[in-house]
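A.B. asks: Please work out how this folds:
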Amino acid sequence: MRFKRPQYNSYYRPNFFGGFSFFPPVIKMLLLTNTAIWLGTEFFGNFRIGDLSLGYVIDGLFALRPLGQGFYIWQLFTYLFLHGGFAHIFFNMLALWMFGMELENVWGSKKFLTYYLICGVGAGLSNLLIAPLFTTTGPTIGASGAIYGVLLAYGILFPDRLIFIYFLVPIKAKYFVILYMMLEFISVGSMDGIAHFAHLGGAFVGFLYLVADGYDFFQRRNSWRETVGGSTAPGPRQQRRAINYEDISDAKVYDIHDYHSQKKEAGVTQKQIDDILDKISHGGYQSLSDEEKRILFEASKKLN
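C.D. replies: Numbering: from 1, shown residues only. As a prediction, the model looks like this:
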């Protein structure tokens, strides 16, 4: 194949990367697993089991095959971890890391993995049930369907984040997503060997997930309108969603011994954290007092 609100109560300790893990756990696991499976099939694929090559057996059992042509239910998951060549896995894993890293840091690992797998299964179902109505289908492999779901979520949650096409041409994430979805849509029915319905299906299922999870698209549209001169002001929930995480990239690191020496007896409440996040959304991290920065850092230590 060839937010309910984001969980802002899952804080991350400030570090060189602005408080986010460069390779969060699920992203790291997916990168390593996909790469290891690809290397294993490349190396052992020509080994033979009787009259059949091992690569042929793996494709027969774990690639997503059309209904009635060797389909097994587990293939809706396993096809996500098979890739057809170096370029296929390289660009899939690069996109997963680029767009998934920030989503996992904001959502948390459990929610991100759930979203990724749901998009992947949705992409597989689209390829099984819808694609045959419009084009000829065959065995399907690759994580692209799930990654299109990740791409869609990134464009919705971070619409104004700049993406550099070929590392040169800047484009806002929301326009980048629209462009890619349009290209996939107009490519439906082409005989290029790419499962375009799976890509679109993964994105569509991702959209449904965000709706079911309570993400308020109407308020997001209002916030976009405000940025181009409109009068509708987003509420506190939307303000927290619109936090610009580049603003906290210069977070100070407090020494844990210095903190304990202050002998702070009062605990940190969720309301204090919410108030601090509201303040960041209005004035950026630099607007926080030293005490507010200390409270935010204390929360990050407790939850990591």
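A.B. asks: low-scoring pLDDT stretches of the protein, where are they?
C.D. replies: Applying pLDDT under 70 to the chain flags residues 1-20, 189, 191-192, 217-268, 281-287, 299-304.
A.B. asks: can you map out the strands along this protein?
C.D. replies: Secondary structure of the chain, counting by DSSP state E: strands at 48-49, 52-53, 162-165, 169-172.
A.B. asks: Including distance to residue 68 and mean neighbour count, could those go into JSON lines?
C.D. replies: C-beta: built from backbone N, CA, C; applies to glycine. Output for the strands of the chain, formatted as JSON lines (distance: least, Cβ to Cβ, whole Å; neighbours: other Cβ atoms under 10 Å):
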{"stretch": "strand 48-49", "distance to residue 68": "24", "mean neighbour count": "10"}
{"stretch": "strand 52-53", "distance to residue 68": "21", "mean neighbour count": "12"}
{"stretch": "strand 162-165", "distance to residue 68": "41", "mean neighbour count": "12"}
{"stretch": "strand 169-172", "distance to residue 68": "42", "mean neighbour count": "12"}
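A.B. asks: right, and those strands - which one's nearest residue 201?
C.D. replies: Of all the strands of the chain, strand 162-165 sits nearest to residue 201, with 22.8 Å by Cβ to Cβ.
A.B. asks: Counting by contacts, list what that closest one packs against.
C.D. replies: When contacts are defined as 3 or more Cβ pairs under 8 Å, 6 or more residues apart in numbering; DSSP states H and E, strand 162-165 packs onto strand 169-172, helix 173-186.
A.B. asks: Any chance of a markdown table for the strands of the chain, columns distance to residue 298?
C.D. replies: Compiled in a markdown table, the strands of the chain are given as follows (distance: least, Cβ to Cβ, whole Å):
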| stretch | distance to residue 298 |
| --- | --- |
| strand 48-49 | 57 |
| strand 52-53 | 57 |
| strand 162-165 | 33 |
| strand 169-172 | 35 |
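A.B. asks: how about these, which one is nearest residue 24?
C.D. replies: Minimum separation from residue 24 across those (Cβ to Cβ) falls at strand 162-165, 19.6 Å.
A.B. asks: Which residues does that closest one contact?
C.D. replies: Outside strand 162-165, the residues that touch it by Cβ atoms under 8 Å, 6 or more residues apart in numbering are 170-173, 176.
A.B. asks: Closest to residue 214 out of those residues?
C.D. replies: When the contacts of strand 162-165 are ranked by distance to residue 214 (Cβ to Cβ), residue 173 comes first, at 21.4 Å.
A.B. asks: Near that closest one, how many other residues are there?
C.D. replies: Burial of residue 173 is recorded as 19 neighbouring residues (other Cβ atoms under 10 Å).
A.B. asks: How much space separates it from residue 213?
C.D. replies: Relative to residue 213, residue 173 is positioned 19 Å away (Cβ to Cβ, to the nearest Å).
A.B. asks: and if you look at residue 23?
C.D. replies: 25 Å.
A.B. asks: ranges for the helices of the stretch 151-300 of the chain?
C.D. replies: Taking DSSP state H, counting those that start in this stretch as the criterion, the stretch 151-300 of the chain contains helices spanning 173-186, 196-212, 217-227, 236-241, 256-261, 270-283, 290-302.
A.B. asks: I should have written the stretch 1-150 of the chain there, sorry.
C.D. replies: Secondary structure of the stretch 1-150 of the chain (DSSP H, counting those that start in this stretch): helices at 25-44, 54-62, 75-78, 86-107, 109-129, 144-157.
A.B. asks: Let me know which of the ones you listed is tucked in deepest.
C.D. replies: Mean neighbours per residue, mean count of other Cβ atoms under 10 Å, is largest over the helices of the stretch 1-150 of the chain for helix 144-157, with a mean of 26.
A.B. asks: For that one, name the packing helices and strands.
C.D. replies: In terms of contacts (3+ Cβ pairs under 8 Å, 6+ apart), helix 144-157 is packed against helix 86-107, helix 109-129, helix 173-186, helix 196-212.
A.B. asks: can you give me the offset of the first one from its chain's centre?
C.D. replies: The one in question is helix 86-107. Remark: helix 86-107 is offset 7 Å from the chain centroid, using Cα atoms, centre = their mean, to the nearest Å.
A.B. asks: what does the last one give?
C.D. replies: In terms of Cα atoms, centre = their mean, the centre of helix 196-212 is found 13 Å from the chain centre.
A.B. asks: gap between residue 43 and residue 184?
C.D. replies: As defined by Cβ to Cβ, residue 43 lies at a distance of 32 Å from residue 184.
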